[in-house]
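S.K.: next comes the sequence, and after it the predicted model I'd like to discuss.
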Amino acid sequence: KKESVILLQNRRGYHSYLECIDCLSVEMCERCSISLTYHKSIELLKCHYCGFTKTKPKVCSSCGSLRIIEKGAGTEKIEEEIIKIFPDARIKRLDSDSVTSKNQLQRILKNFYDGDIDILVGTQIISKGLDFPNVTLVGVVNADIGLLLPDFRSTEKTFQILTQVSGRSGRSEKIGEVLIQTNHSDYFIFDDVKNHDYKNFFERELRIRKELNYPPFGRIALLEVKSKNREEVEVRIKELYNFIKRVDSKNILELLPPVQPLFAKMNDYHRFHILVKISKQKDISGVYLNHILREAKSFGKKSFPSGVKYTIDIDAINLL
């Protein structure tokens with residue numbers, strides 16, 4: 001039909017991770033508690049957080065088994081498969097691995113706009129604020145990825161991405177189509193995206209936030225303590241937790257016990273989090289929470305050794 005196609009896969013690389021069939025271990029970064037992504041173009045396993053790389057192993061690093069399998073498809077893999085299916089199509093990949101400069105990004109987007117590229121495969125770079133009149137098909141590969149993250153904003157972020165990328169299709173007089181791949185098609189978010197029902201999504205999300213005392217009905221503060229010594233940071237985070245409990249004289253904070261986040265180790269630092277929530281009805285101006293956090297900051301400054309780092313993030317956007 002000589003019309004354009006966008007394929008969104010919000011994962012870079014060729015395979016998301018390598019897993020051993022025998023011991024079920026995954027090839028992990030040596031500096032972070034994050035699985036390494038295989039990049040076929042450079043024949044390396046790479047950590048997308050600290051940049052650590054290593055060659056693709058022939059045997060399992062944990063048990064020595066030869067039975068290593070590749071799992072999860074990134075943009076490289078999607079591009080390769082599309083080339084096999086449509087060998088005559090002009091296909092381009094757009095992600096932070098394939099684009100190294102703003103000029104290169106602009107050039108690819110202009111070529112796609114001008115019709116010199118038939119199928120554009122990419123991460124969420126291609127989902128936002130772009131107007132391509134000839135795009136009549138948008139496909140989303142594995143739309144569940146973002147929903148699996150332990151963050152109260154995960155449904156909101158997924159809804160945003162799916163709505164934004166869906167809006168790229170059929171923007172002119174040509175009729176557009178959107179295909180979303182999911183293992184959870186009965187989940188409410190997909191009906192809201194399908195029906196362009198912002199109001200329904202918004203109202204449901206607000207009800208959930210209100211029940212759980214999350215923004216905009218409550219304030220949250222994420223306290224992170226990290227150190228290269230795991231035992232040290234475990235001791236310090238418990239001290240900080242007990243201190244906050246003591247200084248909460250009004251007993252109106254909702255204080256979640258110390259936990260390791262999803263990415264428990266990053267750049268050689270072991271991380272622990274404390275999440276503090278407080279209803280805006282109980283602390284309208286935020287003065288009480290501010291007082292508690294200042295006390296916590298002062299406690300950390302006096303009590304923690306130099307090797308222990310801590311941060312306080314108000315209304316944190318990322319809980320990972």
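M.R.: Perfect, I can see it now.
S.K.: separation between the nearest residue to residue 46 once chain neighbours are set aside and residue 318?
M.R.: With C-beta to C-beta, 6 or more residues apart in numbering as the criterion, residue 46 has its nearest non-adjacent residue at 4.9 Å, and that residue is residue 53. In short, each C-beta sits where N, CA and C put it, glycine included. Shown here: residue 53 relative to residue 318, a distance of 24 Å by C-beta to C-beta, to the nearest Å.
S.K.: so residue 46 makes contact with residue 39?
M.R.: Yes: at 5.5 Å, residue 46 counts as touching residue 39 under the criterion of C-beta atoms under 8 Å.
S.K.: which residues do these two both contact?
M.R.: Counting by C-beta atoms under 8 Å, 6 or more residues apart in numbering, the residues touching both residue 46 and residue 39 are residue 13.
S.K.: now the end-to-end length of stretch 179-188.
M.R.: Start-to-end span of stretch 179-188 (C-alpha to C-alpha, to the nearest Å) is 16 Å.
S.K.: ok, back up a step: what pLDDT does the residue nearest to residue 46 get?
M.R.: Predicted confidence (pLDDT) for residue 53: 95.
S.K.: and if you look at residue 172?
M.R.: For residue 172, the model assigns a pLDDT of 65.
S.K.: and if you look at the one 4 residues further on?
M.R.: The predicted local confidence for residue 176 comes out at a pLDDT of 85.
S.K.: any idea how far it is from residue 167?
M.R.: Residue 176 is 9 Å from residue 167, by C-beta to C-beta.
S.K.: which SS class is residue 225?
M.R.: Following DSSP: H, G, I helix; E, B strand; the rest coil, the label given to residue 225 is strand.
S.K.: show me what contacts the most centrally placed residue in the chain?
M.R.: For the chain, the residue nearest the mean C-alpha position is residue 146 (6.1 Å; C-alpha atoms, centre = their mean). Residue 146 makes contact with 10, 154, 157, 158, 161 under the criterion C-beta under 8 Å, 6+ apart.
S.K.: got a list of what the first one touches?
M.R.: Which is residue 10. Contacts of residue 10 by C-beta under 8 Å, 6+ apart are 123, 124, 145, 146, 161.
S.K.: can you give me the helices for the chain?
M.R.: Per DSSP state H, the chain has helices spanning 75-85, 102-113, 154-166, 188-194, 198-212, 230-247, 287-303. These are given in chain order.
S.K.: ok, residue 267 - how many residues close by?
M.R.: By other C-beta atoms under 10 Å, the residues close to residue 267 number 15.
S.K.: what is the burial count for the spatially closest residue to it that is not a sequence neighbour?
M.R.: Excluding its sequence neighbours, the residue lying closest to residue 267 (C-beta to C-beta, 6+ apart) is residue 50, at 4.9 Å. By other C-beta under 10 Å, 16 other residues sit near residue 50.
S.K.: now do residue 63
M.R.: Residue 63 has 12 neighbours, counted by other C-beta under 10 Å.
S.K.: distance of it from residue 30?
M.R.: Separation of residue 63 from residue 30 (C-beta to C-beta) stands at 17 Å.
S.K.: for the closest residue in space to residue 215 that isn't next to it in sequence, which residues are in contact?
M.R.: Spatially, and ignoring its direct neighbours in sequence, residue 215 is nearest to residue 315 (6.0 Å; C-beta to C-beta, 6+ apart). With contact set as C-beta under 8 Å, 6+ apart, residue 315 has these partners: 215, 219, 220, 221.
S.K.: can you put the residues you listed in a markdown table and add pLDDT, neighbour count and distance to residue 85?
M.R.: What follows is these, written out as a markdown table (pLDDT from 0 to 100; neighbours: other C-beta atoms under 10 Å; distance: C-beta to C-beta, whole Å):
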| residue | pLDDT | neighbour count | distance to residue 85 |
| --- | --- | --- | --- |
| 215 | 92 | 14 | 44 |
| 219 | 94 | 21 | 50 |
| 220 | 95 | 20 | 45 |
| 221 | 96 | 21 | 49 |
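S.K.: remind me which residues of the stretch 151-300 of the chain are low pLDDT?
M.R.: The stretch 151-300 of the chain contains residues with pLDDT under 70 at 170-172.
S.K.: try it again at 90.
M.R.: Counting by pLDDT under 90, the low-confidence segments of the stretch 151-300 of the chain come to 151, 161, 163-176, 184-186, 194-196.
S.K.: now the farthest one out in the chain, which residue is it?
M.R.: residue 249 (36.5 Å).
S.K.: ok, it - contacts?
M.R.: Residue 249 touches nothing, counting by C-beta under 8 Å, 6+ apart.
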